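**Student:** no sequence on this one, just coordinates:
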């Protein structure tokens, strides 16, 4: 256990549970946060800095828990029915927009400009130009108009892409640059015009299987990206949608069950790109910056940033 105080304040017992445990411990020690006491005793910990998948199974082992700072944006494992919800839960926001934009635009550019094919041709000393379509004038529909969706919209627009956002209210988020906003209930009105469909939504009962047979059937040869949550895609509907020409290619970073089993048909399908949930990772130094700001709020009794509503799941 490490104790570093500096400022006179009530001791706060903080327990770290993460795959990046030592990195988080080192970064917290460097921060010298007032009154913060790192502990390995679950019985006295009042604050948790934790990866949701790791802590979910042991959440009942922390009898004094008051606040859990997730190291991830997604907190789905902590939303399972029957798990305790008698503490404040905060997650990570504000750092994933650039990473998601890099993933989507990176794959979009590579696909449209045939970069993978040219690499193969280079290995064969083959000079064979291919026709391609510019991103200028393409139409992107983004499911989710929060921080991530808004950032992606801005970057996509810089390439000349027209961007429509989909949310539950149909209201234009303050400060965002979407060309248009459509209510989720009316999303069918724009799916048939989309060239690119990106799902950035959290996983909730309302968003479960929003990418289903009915909605995919409204699409025409789209490029589909799922970078939100795996449950948002009805996986059984995807390959039939590809075979019907509704989806030209799917880029999937999240799945209903992870890791994706080796026998899953997505692995070997030529029109599906699989990545292992890496589109936007939580870098420890950024997580600790967010935790530190919230910690200072906590000891002053102020409202915490990025609080999760257990009734909504985000």
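**Tutor:** It's in. All values reported here derive from a predicted model rather than from experimental measurement. Residues are numbered from 1 along each chain as shown.

**Student:** what about the strands in the stretch 1-150 of the chain?
**Tutor:** 2-3, 12-17, 36-38, 47-50, 67-70, 88-90, 139-143 (DSSP state E, counting those that start in this stretch).

**Student:** where's the fifth one relative to the chain centroid, distance-wise?
**Tutor:** On the basis of Cα atoms, centre = their mean, to the nearest Å, strand 67-70 is displaced by 17 Å from the centre of the chain it belongs to.

**Student:** pLDDT averaged over that strand - what is it?
**Tutor:** Mean pLDDT, computed over strand 67-70, is 98.

**Student:** again with the last one
**Tutor:** Average pLDDT, strand 139-143: 98.

**Student:** How about the longest one?
**Tutor:** Looking at strand 12-17 alone, the average pLDDT works out to 98.

**Student:** What pLDDT is listed against the closest residue to residue 77 other than its chain neighbours?
**Tutor:** Leaving aside its chain neighbours, residue 77 sits nearest to residue 56 (3.8 Å; criterion: Cβ to Cβ, 6 or more residues apart in numbering). For every residue, glycine as well, the C-beta is placed using N, CA and C. Per-residue pLDDT puts residue 56 at 96.

**Student:** tell me the most buried of the strands of the stretch 1-150 of the chain?
**Tutor:** When the strands of the stretch 1-150 of the chain are scored by mean count of other Cβ atoms under 10 Å, the highest mean neighbour count falls to strand 47-50 (a mean of 25).

**Student:** partners of it in the sheet?
**Tutor:** According to DSSP bridges, strand 47-50 has the following sheet partners: strand 12-17 (parallel), strand 67-70 (parallel).

**Student:** hmm, back to that, now render the strands of the stretch 1-150 of the chain as JSON lines, adding distance to residue 101.
**Tutor:** Conversion of the strands of the stretch 1-150 of the chain to JSON lines gives the following (distance: least, Cβ to Cβ, whole Å):
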{"stretch": "strand 2-3", "distance to residue 101": "37"}
{"stretch": "strand 12-17", "distance to residue 101": "30"}
{"stretch": "strand 36-38", "distance to residue 101": "34"}
{"stretch": "strand 47-50", "distance to residue 101": "27"}
{"stretch": "strand 67-70", "distance to residue 101": "22"}
{"stretch": "strand 88-90", "distance to residue 101": "24"}
{"stretch": "strand 139-143", "distance to residue 101": "11"}
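
**Student:** So which of these is nearest residue 168?
**Tutor:** Taking Cβ to Cβ, strand 139-143 is the member of the strands of the stretch 1-150 of the chain nearest to residue 168, at 10.6 Å.

**Student:** Which neighbours in the sheet does the closest one have, and how are they oriented?
**Tutor:** Applying DSSP bridges to the sheet, strand 139-143 is found paired with strand 162-167 (parallel), strand 196-199 (parallel).

**Student:** following the last one, which helix or strand shows up next?
**Tutor:** If you walk from strand 196-199 toward the C-terminus, the next helix or strand you reach (DSSP states H and E) is helix 213-216.

**Student:** separation between the residue positioned nearest the centre of the chain and residue 239?
**Tutor:** Residue closest to the average C-alpha location in the chain (Cα atoms, centre = their mean): residue 228, at 4.8 Å. Residue 228 sits 20 Å away from residue 239 when distances are taken as Cβ to Cβ, to the nearest Å.

**Student:** And residue 288, by the same measure?
**Tutor:** From residue 288 to residue 239 the distance is 41 Å (Cβ to Cβ).

**Student:** And for residue 227?
**Tutor:** Distance from residue 227 to residue 239, by Cβ to Cβ: 20 Å.

**Student:** Which residue of the two possesses the greater neighbour count?
**Tutor:** Shown here are residue 227 and residue 239; by other Cβ atoms under 10 Å, residue 227 has more neighbours (26 against 16).

**Student:** okay, now the residue nearest to residue 77: neighbour count?
**Tutor:** Using other Cβ under 10 Å, residue 56 has 16 neighbouring residues.

**Student:** hang on, it packs against residue 84?
**Tutor:** No - Residue 56 is beyond contact range of residue 84, at 10.5 Å (criterion: Cβ atoms under 8 Å).

**Student:** Before I go, just wanted to say thanks for your time.
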